[in-house]
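K.L.:
Sequence below, structure please.
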Amino acid sequence: MEYINKILKGDTIDTMRKLPEKLFDFCFADPPYFMQIDQGKKLYRVEGTEFDGCDDDWDKFPSMDAYKEFTKKWLFEVRRLLKDDGTICVISGMQSIYEIGSILRELGFWVINDIIWKKTNPTPNFGGTRLNNSHETLIWAAKSKKSKFTFNYKTGKYLNGGKQMGSIWEFPVCSGNERLKDDKDKKLHNTQKPEALLYRIIALFTEKDNLILDPFGGTMTTGAVSKRMGRNFTMIERDDKYIKYGQRRINGVKEEISDVELAVFDIKPLKVSVKEMVNAGYFTIGEPFYLKDGQNAILSDDTGKLTYNGKTKSMHDIAAIMLNKDRRVNAFDYFYVKRGKQLVSISQIRDEYRASIK
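P.N.:
Numbers count the residues shown, from 1 in each chain. This is a model prediction of the structure:
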């Protein structure tokens with residue numbers, strides 16, 4: 001079966017069962033929420049017009065037990081299809097997120113975070129009978145506790161203006177030109193998710209060229225954003241109308257790759273040793289390593305040990321002693337060497353050496 005960058009038509013559980021195990025790096029799932037709206041009941045805005053909420057057939061189940069059984073079956077297949085280090089991010093509302101979370105754990109998933117999507121423009125509670133439901137919850141979970149999952153931490157800081165990314169995300173609900181419509185200009189799908197939400201999820205939890213599964217394709221937001229960000233995707237959807245307009249949407253997307261998509265901020269620098277830098281002439285045995293206040297210690301050997309006041313220890317331990325710290329510090333943040341008449345950070349010297357061997 002061809003599945004890379006494809007929309008697969010069919011029931012999601014049956015379709016996943018036909019795919020071989022451990023294919024996918026990541027899964028985003030936006031399953032039915034089981035809204036449990038009373039049959040025939042209509043919602044009206046304050047001014048009297050009818051509100052077009054989610055009353056689609058695909059969201060209807062005979063009972064919560066039936067919904068839980070359905071959830072267990074599709075999550076079982078997702079776990080089978082994920083690579084050992086793969087993760088899933090599943091979204092739902094208060095109607096079913098607790099059941100989904102419980103089943104995730106029951107199947108062996110390891111919950112990493114829950115995330116609150118705070119809607120900047122939520123649908124009002126028209127009857128004034130309860131709190132305005134202004135958020136949805138996402139659960140990010142690894143296939144197992146042992147999974148070495150992808151998390152682009154520094155990319156998250158970059159997207160959050162240099163601050164650590166938190167677990168409450170604010171985005172507007174999908175509206176305007178982003179909202180897919182059919183040829184009669186009618187809203188195509190009641191629960192289309194905003195591209196900004198998927199962009200952040202994919203940026204933080206995947207790498208370029210990863211293969212992403214979405215078992216509930218809908219308007220194909222996951223596929224569209226994945227394509228734009230240089231990821232591969234497999235979408236599963238049973239509704240011909242959603243497939244038609246979703247494929248049209250994906251076809252119109254062009255790849256746009258920047259430092260965020262490449263997770264440049266999270267690329268770990270090449271590991272190099274003091275011995276390598278000594279052998280290459282970047283440091284010399286016996287030369288002083290200076291602090292900003294003028295104190296210095298002597299590089300005693302090519303393992304990076306320094307001598308200070310008769311003590312010979314690792315440069316990190318010596319830096320702590322010289323700075324009166326009660327625990328070791330990163331010497332590359334504090335020491336300098338003389339190059340000509342200038343003091344140059346040993347961190348800069350290390351970067352210059354790294355650049356020379358690439």
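K.L.:
I'd like to know how many residues surround residue 18.
P.N.:
11 (other C-beta atoms under 10 Å). Placement of C-beta: from N, CA and C, glycine included.
K.L.:
Just confirm it contacts residue 11, I think it does.
P.N.:
No: between residue 18 and residue 11 there is no contact under C-beta atoms under 8 Å: 10.6 Å.
K.L.:
Isn't residue 213 up against residue 234?
P.N.:
Yes: in this structure residue 213 lies within contact range of residue 234 using C-beta under 8 Å: 5.2 Å.
K.L.:
Give me the common contacts of those two.
P.N.:
Residues touching both residue 213 and residue 234 by C-beta atoms under 8 Å, 6 or more residues apart in numbering: 23, 24.
K.L.:
Between those two, which has more neighbouring residues?
P.N.:
residue 234 (28 against 25).
K.L.:
part of a strand, is the more buried one?
P.N.:
Yes: the assignment for residue 234 (DSSP: H, G, I helix; E, B strand; the rest coil) places it in a strand.
K.L.:
what residues are up against the residue nearest to it when sequence neighbours are not counted?
P.N.:
Computed as C-beta to C-beta, 6 or more residues apart in numbering, the closest residue to residue 234 that is not its neighbour in sequence is residue 3, at 4.7 Å. Contacts for residue 3 (C-beta under 8 Å, 6+ apart) come out as 19, 23, 234.
K.L.:
so what's residue 78 closest to, chain neighbours aside?
P.N.:
residue 27 (5.2 Å).
K.L.:
and the one you found, what helix or strand is that in?
P.N.:
Using DSSP states H and E, residue 27 maps to strand 24-29.
K.L.:
Report the mean per-residue pLDDT for that strand.
P.N.:
Taken as a whole, strand 24-29 has an average pLDDT of 98.
K.L.:
Give me the sheet partners of that strand and which way each runs.
P.N.:
strand 82-92 (parallel), strand 211-214 (parallel) (DSSP bridges).
K.L.:
Specify the stretch among those strands that is closest to residue 107.
P.N.:
Of all these, it is strand 82-92 that lies closest to residue 107, at 10.4 Å by C-beta to C-beta.
K.L.:
What residues of that closest one count as buried?
P.N.:
82, 83, 86, 87, 88, 89, 90, 91, 92 (16 or more other C-beta atoms under 10 Å).
K.L.:
Spatially, what comes nearest to residue 210 if we skip its sequence neighbours?
P.N.:
residue 25 (3.9 Å).
K.L.:
State whether that neighbour and residue 88 are indeed in contact, as I suppose.
P.N.:
No: the criterion here is C-beta under 8 Å, and residue 25 misses it with residue 88 at 10.7 Å.
K.L.:
Need the overlap of contacts for the two.
P.N.:
Here residue 25 and residue 88 share the contacting residues residue 82, scored by C-beta under 8 Å, 6+ apart.
K.L.:
Next, the buried residues of the helix or strand encompassing residue 241.
P.N.:
If you go by DSSP H and E, residue 241 is part of helix 240-251. The neighbour-count check on helix 240-251 (16+ other C-beta under 10 Å) flags 242, 243, 245, 246, 247, 249, 250 as buried.
K.L.:
Could you count how many residues lie near residue 272?
P.N.:
Residues near residue 272, counting by other C-beta under 10 Å: 15.
K.L.:
That should have said residue 332, apologies.
P.N.:
16.
K.L.:
and if you look at residue 138?
P.N.:
By other C-beta under 10 Å, the residues close to residue 138 number 21.
K.L.:
contacting residues around the closest residue to it other than its chain neighbours?
P.N.:
Closest residue to residue 138 apart from its sequence neighbours, by C-beta to C-beta, 6+ apart: residue 115 at 4.1 Å. Residue 115 makes contact with 89, 137, 138, 139, 140, 167, 168, 169 under the criterion C-beta under 8 Å, 6+ apart.
K.L.:
how close does residue 115 sit to residue 127?
P.N.:
Going from residue 115 to residue 127 by C-beta to C-beta, to the nearest Å gives 29 Å.
K.L.:
how far away is the residue lying farthest from the centre of the chain from residue 318?
P.N.:
Distance from the C-alpha centroid of the chain peaks at residue 310, with 49.7 Å (C-alpha atoms, centre = their mean). Separation of residue 310 from residue 318 (C-beta to C-beta) stands at 12 Å.
K.L.:
how about the strands in the stretch 51-200 of the chain?
P.N.:
82-92, 110-119, 135-142, 168-171 (DSSP state E, counting those that start in this stretch).
K.L.:
That should have said the stretch 201-350 of the chain, apologies.
P.N.:
211-214, 232-237, 288-290, 296-299, 305-308, 311-314, 336-339, 342-345.
K.L.:
Packing partners of the fifth one?
P.N.:
In other words, strand 305-308. Judged by 3 or more C-beta pairs under 8 Å, 6 or more residues apart in numbering; DSSP states H and E, the packing partners of strand 305-308 are strand 296-299, strand 311-314, helix 315-322.
K.L.:
Kindly recompute the last result at 10 Å.
P.N.:
strand 288-290, strand 296-299, strand 311-314, helix 315-322 (3 or more C-beta pairs under 10 Å, 6 or more residues apart in numbering; DSSP states H and E).
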